[in-house]
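Peer 1: Need a 3D model of the following:
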Amino acid sequence: MSTTGKSKSRITLKHVKYLIKLKELDKYFSDKKLGSFVENGKTFFRLFAPSVLKVMLYTFSSVEDTEGVIYEMIKDENAVWEFSLEGENYGLFYGYRVYHTGDLLTDHVELSIDPYSKAVATYNTYFNPRKSIVLKENDYDWEGDNWIERDWRDFIIYEMHMRDMTAHQSSGVSKPGTYQGLIEKGKPGGIDYIKSLGINTVELLPSQEFGNIESPYEESLHGKYNTWNPYEMNHWGYMTAAFFAPEAYYSINARKLEWNKWYGESAKQINDFKDMVKVFHKEGIAVMMDVVYNHISEYELGNLKQIDKEYYFRLNGKGNFISESHTGNDFKTERPMSRRMIIDSILYWMKEYHIDGFRFDLARLIDWETVEETFRQARMINPNVIFVAEPWGGGYDPMGFSLRGWGSWNDQFRNGIKGENPTKGLGWIFGHWYAHNNYERIKSYVRGTISKDEHGLFQKKEHSVNYLESHDGYTLADFIRIGSGEADPEKIIENIDVHTKLTPIQLKLNKLAALFLFTSQGMIMVHEGQEFARSKVIFPDPKVQDNNKGKMDHNSYEKDNETNYLNYNHIKINKELHDYYKGLITLRNRYDVFRKAGHNEIKFFDVKENSFALGYSIEHEKNIFLIFFNSNPQKEQEFILPEGEWDMLVNSEEAGIESLEKISSKITLKPSTGLVLMKN
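Peer 2: Numbers count the residues shown, from 1 in each chain. Below is the predicted model of the structure:
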């Protein structure tokens, strides 16, 4: 249907007026301390909300109380609503009922948590009802702990999920799936296992309080009709509910999340999280957090959407949420007090929890001023703090982050080396070129994908986070199982142990990929279980209507079950690959040539008639290495060696720092193999 010019004009004017109204909100800013806190014998409550008519504070002596004591809050000239109670009311539960135009005529307004809550209690049911807690802080004994001081080039990051690491019974821990279980000593799973690999940094998937429960499956509730998630759960945590509070579920010693029960009311999760960080630091392992500031939980009632939608979110001309994040709402990070909240949150986790760095989810949705100011203020506290962007969301710009001093996930490295799709987009390890990849592009990955090379992305090689697997998508091993043609993604797997065992070609390709990863310049990231060819096979839960049970999973965000849990028994099944990873990590940690060699210290061999063969010498501070690859699946490749005798440290079977054999003159690589030689 066509629209008349007159109606177009009316709509445009309405939209313009609405956008002007939203723009006027930018004038508000306050330096006041926000949230709840105790000072001079009083308990203060402060909430920033410029678009609302009235705010009522509700306090509860017990987490199960429903009525509460009600107080009307007072608004100052900078839109901060405030109320104070006599006494130090530590442990008091509270929330806000926020009234907008039209709400004064309704019977019910949702209770909202304080956005600055340092701890929250959650009732485990749909839409995650919560209460904030007045918290006493700064009484934890850190025993002299501080941040890990580490050159970015030295980072070997292990991306891991809190529950995945110990929830499987094979982990052997007494408190599976918890902060405390993760740091139990002398167990197959958890911190001792991470340390045994030689990993120096862990990156926790979202551990800020998040929406664990989504909507009822195939039912409608609060305008949400769930057609996609029969598990009704959110396992990965990319639905943040409270930017300052640690996830309470990870303090509960329970095999599964217990419905219709309160979690977090004791605030035990705070000290549990600090204990975890302290123990990791004692082992020399840095702790990073995956944080989500581009949106908030879509499966909540009583959060910033109810507090002040107009201020905190990007809206279209009709007042509806913009969702470039594809999560239902995009946080308006460019608002002065939204920016302040993000900065306050980052600094709080650094100061209060000694967090060493952060990976920012869908970071391109965060405005550049917030990107720059957050990093600037964080470095004032810890000059070595590591900031890593997932450099997409509202565009794609790893170079933009690099220009601002950030690191970024290098998805170009990932896609170039393994491919983007295991059925129709294979990469270099399979003897294919994915997208614009070619021989020169592969060479650029070796050097750190820096901007001086064609299609380079980064100002410095340490800004490149090189990886082949993350929480999202197929595991590397499943990608290879499918890409090799030896596994059908639509086939039901009857015996997971038999399926997990790598075939000879799968083992070769996993090793080839790992060798390229660990010998390339830049930061390194591996995902939990990558080192033993973990497969995500959908657990056959009889209570769930999932038509894909028994198949390999490429999007396991909703499964708090054995689909995601690490089965440590599978290490034995693929022990050769596990030991190969350990050897490569040892090699990289021992010789800084793989981390700190300059662009001109890497010299490539001229290879004829085999574009999938790659060889180069690398020299740094008296250490000289030769690295060779042959990703051609059909033909062998001979390399003539420089004069002298060489120690072979890595071949197609083993990797490490001990000489496997002496070699000189020349070497022949079989298909889909690589090796490392060191000058004797």
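Peer 1: what about the stretch 101-250 of the chain, any weak spots by pLDDT?
Peer 2: Low-confidence segments of the stretch 101-250 of the chain, defined by pLDDT under 70: 104-105.
Peer 1: Please, where are all the strands along it?
Peer 2: 111-112, 120-123, 130-133, 156-160, 201-204, 220-221, 224-225 (DSSP state E, counting those that start in this stretch).
Peer 1: Can you tell me which of the ones you listed is most buried?
Peer 2: Comparing the strands of the stretch 101-250 of the chain by mean neighbour count (mean count of other Cβ atoms under 10 Å), strand 130-133 ranks first with a mean of 28. In short, each C-beta sits where N, CA and C put it, glycine included.
Peer 1: What strands line up against that one, and which way round?
Peer 2: Pairing partners of strand 130-133, with direction, according to DSSP bridges: strand 93-99 (antiparallel), strand 120-123 (antiparallel).
Peer 1: Figure out which of the strands of the stretch 101-250 of the chain is closest to Met73.
Peer 2: Set against Met73 and scored by Cβ to Cβ, those come closest in strand 111-112, at 12.4 Å.
Peer 1: Centre of the chain to the closest one, how far?
Peer 2: In this view, strand 111-112 has its centroid 28 Å away from the chain centroid, taken as Cα atoms, centre = their mean, to the nearest Å.
Peer 1: who touches it?
Peer 2: Contacts of strand 111-112 with the rest of the structure, by Cβ atoms under 8 Å, 6 or more residues apart in numbering, involve Tyr58, Gly95, Tyr96, Arg97, Val98, Pro129, Lys131, Gly302, Asn303, Gln306, Ile307.
Peer 1: In this structure, which residue is most central in space?
Peer 2: A centroid search over the chain (Cα atoms, centre = their mean) returns Asp290, at 3.7 Å, as the residue closest to the centre.
Peer 1: tell me the SS of that residue?
Peer 2: strand (DSSP: H, G, I helix; E, B strand; the rest coil).
Peer 1: leaving aside the residues next to it on the chain, what's closest to it?
Peer 2: Distances taken as Cβ to Cβ, 6 or more residues apart in numbering put Arg359 closest to Asp290, at 4.7 Å, once the chain neighbours are dropped.
Peer 1: That neighbour touches Met289, doesn't it?
Peer 2: Yes: the pair Arg359 / Met289 is scored as a contact, 7.3 Å apart, by Cβ atoms under 8 Å.
Peer 1: Please say which of those two ends up with more neighbours.
Peer 2: Under the criterion of other Cβ atoms under 10 Å, the comparison of Arg359 against Met289 puts Arg359 first, with 27 against 24.
Peer 1: Could you tell me whether Ile482 really is in a helix?
Peer 2: Yes: assessed with three-state DSSP, Ile482 lies in a helix.
Peer 1: ok now do it, which residues does it touch?
Peer 2: Pro422, Thr423, Tyr474, Asp488, Pro489, Met552.
Peer 1: can you do 10 Å?
Peer 2: The contact partners of Ile482, by Cβ atoms under 10 Å, 6 or more residues apart in numbering, come to Asn421, Pro422, Thr423, Leu426, Tyr474, Asp488, Pro489, Met552, His554.
Peer 1: Outline the domain layout of the chain.
Peer 2: Residue ranges for the domains of the chain, per automatic domain parsing: 28-133, 152-590, 602-679.
Peer 1: Do me a favour and get the end-to-end distance for the longest one?
Peer 2: Just to be clear, that refers to domain 152-590. In domain 152-590, first residue to last residue: 16 Å (Cα to Cα, to the nearest Å).
Peer 1: following the least confident helix or strand in the chain by mean pLDDT, which helix or strand comes up?
Peer 2: Confidence across the helices and strands of the chain bottoms out at helix 5-24, with a mean of 64, counting by mean pLDDT, DSSP states H and E. Once helix 5-24 ends, the next helix or strand along the chain (criterion: DSSP states H and E) is strand 35-39.
Peer 1: right, and the helix or strand after that next one?
Peer 2: Beyond strand 35-39 toward the C-terminal end (DSSP H and E), the next one is strand 42-48.
Peer 1: Show me which positions of that following strand end up buried.
Peer 2: Thr43, Phe44, Phe45, Arg46, Leu47, Phe48 (16 or more other Cβ atoms under 10 Å).
Peer 1: which helices and strands sit right next to it?
Peer 2: If you count contacts as 3 or more Cβ pairs under 10 Å, 6 or more residues apart in numbering; DSSP states H and E, strand 42-48 packs onto strand 35-39, strand 54-60, strand 80-86, strand 93-99, helix 304-312, helix 336-353.
Peer 1: can you give me the helices in the stretch 301-450 of the chain?
Peer 2: Applying DSSP state H, counting those that start in this stretch to the stretch 301-450 of the chain gives helices spanning 304-312, 336-353, 368-381, 398-403, 411-417, 439-447.
Peer 1: tell me the most buried of those helices?
Peer 2: helix 411-417 (a mean of 23).
Peer 1: what about that one, average pLDDT?
Peer 2: Mean pLDDT, helix 411-417: 98.
Peer 1: Kindly report the same for stretch 644-657.
Peer 2: In the prediction, stretch 644-657 has an average pLDDT of 97.
Peer 1: ok, now stretch 326-342?
Peer 2: The average pLDDT within stretch 326-342 is 97.
Peer 1: which ones are touching the nearest residue to Leu304 once chain neighbours are set aside?
Peer 2: Nearest residue to Leu304, sequence neighbours excluded (Cβ to Cβ, 6+ apart): Tyr312, at 4.6 Å. By Cβ under 10 Å, 6+ apart, the contact list for Tyr312 reads 25, 48-49, 51, 115, 296, 303-305, 329, 331-333, 335, 337-338, 341.
Peer 1: Thr449 now?
Peer 2: By Cβ under 10 Å, 6+ apart, the neighbours of Thr449 are 398, 402, 408, 410, 412-413, 416, 441, 455-458, 461, 463-464, 466, 520-522.
Peer 1: Apply 7 Å and report the result again.
Peer 2: Residues counted as contacts of Thr449 (Cβ atoms under 7 Å, 6 or more residues apart in numbering) are Asn410, Gln412, Phe413, Gly456, Leu457, Phe458, Ser464.
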